[in-house]
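Visitor: generate coordinates for the sequence data below:
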Amino acid sequence: MMNYRLRILIEKYISNTCSKDELEEFFLLVKESTDDKPLEEGLKMVWEKTKAYNGDGGIDWDGKMQLLMEEFEPQTPVIPVKGRAGWGGWKRIAVAASIVLTLGLGWWVFDRGSDQQVLLAALDIKAPNTSMAIIKLDDGSEVRLDQLAKGTLAEQGSADVIKTDDGEIVYRETAKSNDHIVYNTLVNPLGSKVVHITLADGTTVWLNAGSTLRFPVAFSGNDRKVSMTGEGYFEVAHDARKPFKVSKDDMEVTVLGTHFNINTYENEPDIKVTLMEGSVKTTIGNGQSAILKPGQQAILQAENFQVKEVDTKMAVDWKDGWFIFEDDDIESSMRKLERWYNIKVSYEGDFEGVHFTGSFPRAYTLADIVKILEATNELKFKVEGREVTIVR
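Guide: Numbering: from 1, shown residues only. A predicted model of the protein is given here:
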């Protein structure tokens, strides 16, 4: 009899409806299982549903799965299983899981075709495992965060910059007074791990790759103002007397105490502000504004302003260690990969109508992703250093 709970979690995973706790529960069940059969049956059920959803279309789906499984090499990341030796059935099950759960319903429906040379070239491009973030100090000097020991890194105006035992950067106000506002800038370059920092008021900010945050080392006056480019997630310390403001050009988000995500990358067509908890007011240069409720997203494009209900976990997938796509076009999907792997993607051919829905861990190497996409006759990859060309 198939484990009913595992079946439910598999279905929720492929439909991107797993909560964080359910996701942890799913992988825990897989790790601790002493019986391969429930997972085999669950994956078979999902695979049959995937085939039925996408229709026949002249595709040999079972042959496609078999070929995909055969192409995965031993270094491919799989679900870790404690206390198991060798490959055996669990290797095949884990590979099947990575394929079925990553494919999901309606994911990349193409025929097979691969280029081993492309895969070998992509093997060198791994997911970031270190932070290359730096802090630009008020005097123009720079501090490389991963190269410094714990303790006080610098004294900046009326605050000390401290690196804690777990590697977090914290700004802590001191009794010293300062006659002018001192600013620092946190820079997290492309191809760097997510970095987080605690500001002097207790607000914590997570910064995605290719992002910057400029902030005062201590907050004075009637508000708390920072500016940013790229993408950040904010957990703002509550202070009713001093609203917290995040700006990008003529856009400004005002909060008192809340959790929200803001995406301001220059190569994205719009700015997106997504609210998880509390309340925020978003304002643009022409005076338009909107107050968001939890679960809402403000989309700002030129002089246009739109508010809609969204699945908030889609906005913070980067912070939680995932890529999640929901009917995303190929260029918006690949921009996420460009920032994470520090690659440049170009295109040859017609990609109109190519949309992705699914998810995979950010720990995957570029080769893992190419292996899935190269199992087609419609998408081909050319990889030269960090230049990637997708051909259709």
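
Visitor: mind listing the helices for the stretch 201-350 of the chain?
Guide: Assigned helices in the stretch 201-350 of the chain, in chain order: 330-341 (criterion: DSSP state H, counting those that start in this stretch).

Visitor: which residues in it form strands?
Guide: Ranges of strands within the stretch 201-350 of the chain are 204-207, 211-216, 224-235, 244-248, 251-255, 259-264, 271-277, 280-283, 289-292, 296-301, 304-309, 322-329, 344-348, based on DSSP state E, counting those that start in this stretch.

Visitor: in the record's domain split, what are the boundaries for the protein?
Guide: Domains of the chain are assigned by automatic domain parsing as 1-107, 108-126+321-392, 134-314.

Visitor: ranking those domains by mean pLDDT, which is last?
Guide: Per-segment mean pLDDT for these reaches its minimum on domain 1-107, at a mean of 55.

Visitor: related to what we said a few turns ago, and the strands of the stretch 201-350 of the chain: which comes nearest His180?
Guide: With distances scored as CB to CB, the stretch of the strands of the stretch 201-350 of the chain nearest to His180 is strand 211-216 (10.2 Å). All C-beta atoms are positioned from the backbone trio N, CA, C, and that covers glycine.

Visitor: partner strands of that closest one, parallel or antiparallel?
Guide: Applying DSSP bridges, strand 211-216 is found paired with strand 183-188 (antiparallel), strand 224-235 (antiparallel).

Visitor: what would those look like in CSV with mean neighbour count and distance to Ile271?
Guide: Rendered in CSV, the data for the strands paired with strand 211-216 read as follows (neighbours: other CB atoms under 10 Å; distance: least, CB to CB, whole Å):
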stretch, mean neighbour count, distance to Ile271
strand 183-188, 22, 18
strand 224-235, 21, 10
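
Visitor: need these in a markdown table with distance to Asp249, can you?
Guide: Compiled in a markdown table, those are given as follows (distance: least, CB to CB, whole Å):
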| stretch | distance to Asp249 |
| --- | --- |
| strand 183-188 | 16 |
| strand 224-235 | 9 |
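
Visitor: buried sites along stretch 308-316?
Guide: Neighbour-count burial for stretch 308-316 flags Val310, Thr312, Lys313, Met314, Ala315, Val316 (criterion: 16 or more other CB atoms under 10 Å).

Visitor: end to end, how far does that stretch reach?
Guide: 16 Å (CA to CA, to the nearest Å).

Visitor: residues in contact with it?
Guide: Here stretch 308-316 makes contact (CB atoms under 8 Å, 6 or more residues apart in numbering) with 16, 233, 261, 263, 272, 274-276, 294-297, 299, 320, 324, 326.

Visitor: again, only using 7 Å
Guide: Contacting residues not belonging to stretch 308-316 are listed as Tyr233, Asn261, Lys272, Thr274, Met276, Gly295, Gln296, Gln297, Ile324, Glu326 [CB atoms under 7 Å, 6 or more residues apart in numbering].

Visitor: just the buried members of these?
Guide: So, by 16+ other CB under 10 Å, the buried ones in those are Tyr233, Asn261, Lys272, Thr274, Met276, Gln296, Gln297, Ile324.

Visitor: so who does Ser359 touch?
Guide: By CB under 7 Å, 6+ apart, the neighbours of Ser359 are Asn16, Trp322, Phe323, Ile324, Phe325.

Visitor: same thing but at 6 Å, please
Guide: By CB atoms under 6 Å, 6 or more residues apart in numbering, the contact list for Ser359 reads Trp322, Ile324.

Visitor: begin at 675, not 1, for the rest of this chat.
Guide: Done: numbering now begins at 675, and the last item shifts to Ser1033.

Visitor: which residues does it form a beta bridge with?
Guide: Here Ser1033 shows beta-bridge partners Ile998, assigned using DSSP bridges.

Visitor: any idea how far Tyr907 is from it?
Guide: Going from Ser1033 to Tyr907 by CB to CB, to the nearest Å gives 18 Å.

Visitor: cool, and Arg898?
Guide: For Arg898, the distance to Tyr907 - CB to CB - is 17 Å.

Visitor: run through who's touching stretch 857-864.
Guide: Applying CB under 6 Å, 6+ apart, the contact partners of stretch 857-864 are 806-811, 869, 871, 881, 883-888, 890-891, 1013, 1016.

Visitor: okay, that stretch in PDB with CA atoms only?
Guide: Listed next in PDB are the C-alpha coordinates belonging to stretch 857-864 (Å, rounded to 0.1, in the frame of the first residue of the first chain):
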ATOM      1  CA  TYR A 857      26.800  55.900   4.500                       C
ATOM      2  CA  ASN A 858      28.000  52.400   3.600                       C
ATOM      3  CA  THR A 859      27.100  50.300   0.500                       C
ATOM      4  CA  LEU A 860      26.700  46.500   0.500                       C
ATOM      5  CA  VAL A 861      27.500  45.100  -2.900                       C
ATOM      6  CA  ASN A 862      26.700  41.400  -3.800                       C
ATOM      7  CA  PRO A 863      28.100  40.700  -7.200                       C
ATOM      8  CA  LEU A 864      26.800  38.300  -9.900                       C
END
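
Visitor: sorry, back to before: turn the strands of the stretch 875-1024 of the chain into CSV, including distance to Val856.
Guide: Below are the strands of the stretch 875-1024 of the chain laid out as CSV (distance: least, CB to CB, whole Å):
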stretch, distance to Val856
strand 878-881, 18
strand 885-890, 7
strand 898-909, 13
strand 918-922, 18
strand 925-929, 22
strand 933-938, 24
strand 945-951, 28
strand 954-957, 27
strand 963-966, 31
strand 970-975, 30
strand 978-983, 34
strand 996-1003, 37
strand 1018-1022, 36
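
Visitor: quick check: which of those is nearest to Gln830?
Guide: strand 885-890 (9.5 Å).

Visitor: how deep is Asn960 tucked in, by neighbour count?
Guide: Asn960 has 11 neighbouring residues, counting by other CB atoms under 10 Å.

Visitor: how about the nearest residue to it, chain neighbours excluded?
Guide: Distance criterion CB to CB, 6 or more residues apart in numbering; nearest residue to Asn960, sequence neighbours excluded, is Glu977 at 5.5 Å.

Visitor: the one you found and Asp820, how far apart?
Guide: If you measure Glu977 against Asp820 using CB to CB, the figure is 41 Å.
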